[in-house]
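Colleague: dropping a prediction and its sequence here:
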Amino acid sequence: MRVLNREHVEAVLTLPACIAVMDGVMRALAEGRARLPLRPVVPLENSDLLLLMPAALTGEGGAVGVKLLTLFGDNPARGLPAIQGLVVLFDPHDGRVVAVADAASVTAIRTAAVSAVAARLLANPEAGDLALLGSGAQASTHLRSA
């Protein structure tokens with residue numbers, strides 16, 4: 001099992017490679033080969049949350065995984081991120097845990113990659129400007145995907 005912290009994720013999950021993978025995943029979703037059930041949300045005390053985001057991709061190159069997150073709204077006042085978590089990947093053939101990775105970096109790269117795929121498919125090919133609304137954790141990765 002590999003354990004990937006933020007630096008490891010950013011070194012191995014490049015934005016161009018993730019854009020190509022997300023293009024394939026979005027196609028698999030449209031073809032019914034990807035399973036993304038509604039995510040369970042477990043309420044905790046003080047309006048804090050535990051979120052579970054399972055997914056499976058069938059067929060060749062299949063994958064099974066879950067993103068586990070906590071959302072603690074008071075954390076920024078403590079100097080901690082409000083959202084913390086990890087991604088667990090399983091071998092789709094025998095269920096062994098293959099990797100555990102930092103969720104924040106995976107999410108930033110994956111979300112920007114999906115935005116790039118959507119823009120490529122939906123934007124006017126003659127468009128020359130990009131509007132980036134917000135400056136949060138996702139902003140810099142989205143800017144690099146443009």
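Modeller: Nice, thanks for sending it over.
Colleague: which stretches in the chain count as strands?
Modeller: 2-4, 34-35, 41-43, 49-57, 63-71, 83-90, 97-102 (DSSP state E).
Colleague: which of those strands has the lowest average pLDDT?
Modeller: Among the strands of the chain, strand 34-35 has the lowest mean pLDDT, at a mean of 93.
Colleague: list the strands paired with that strand, with their directions.
Modeller: When pairs are called by DSSP bridges, strand 34-35 turns out to pair with strand 49-57 (antiparallel).
Colleague: remind me, longest helix of the chain?
Modeller: In the chain, taking DSSP state H as the definition, the longest helix is helix 103-122.
Colleague: so that one versus strand 49-57, what angle?
Modeller: On the basis of axes from the mean of the first three to the mean of the last three Cα atoms, to 10 degrees, helix 103-122 is oriented at 50 degrees to strand 49-57.
Colleague: mind listing what's buried along helix 103-122?
Modeller: 103-117 (16 or more other Cβ atoms under 10 Å). C-beta: built from backbone N, CA, C; applies to glycine.
Colleague: can you redo the strands of the chain as TSV with distance to A77 and mean neighbour count?
Modeller: Formatted as TSV, the strands of the chain follow (distance: least, Cβ to Cβ, whole Å; neighbours: other Cβ atoms under 10 Å):
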stretch	distance to A77	mean neighbour count
strand 2-4	29	14
strand 34-35	38	16
strand 41-43	20	11
strand 49-57	17	16
strand 63-71	14	17
strand 83-90	15	18
strand 97-102	22	17
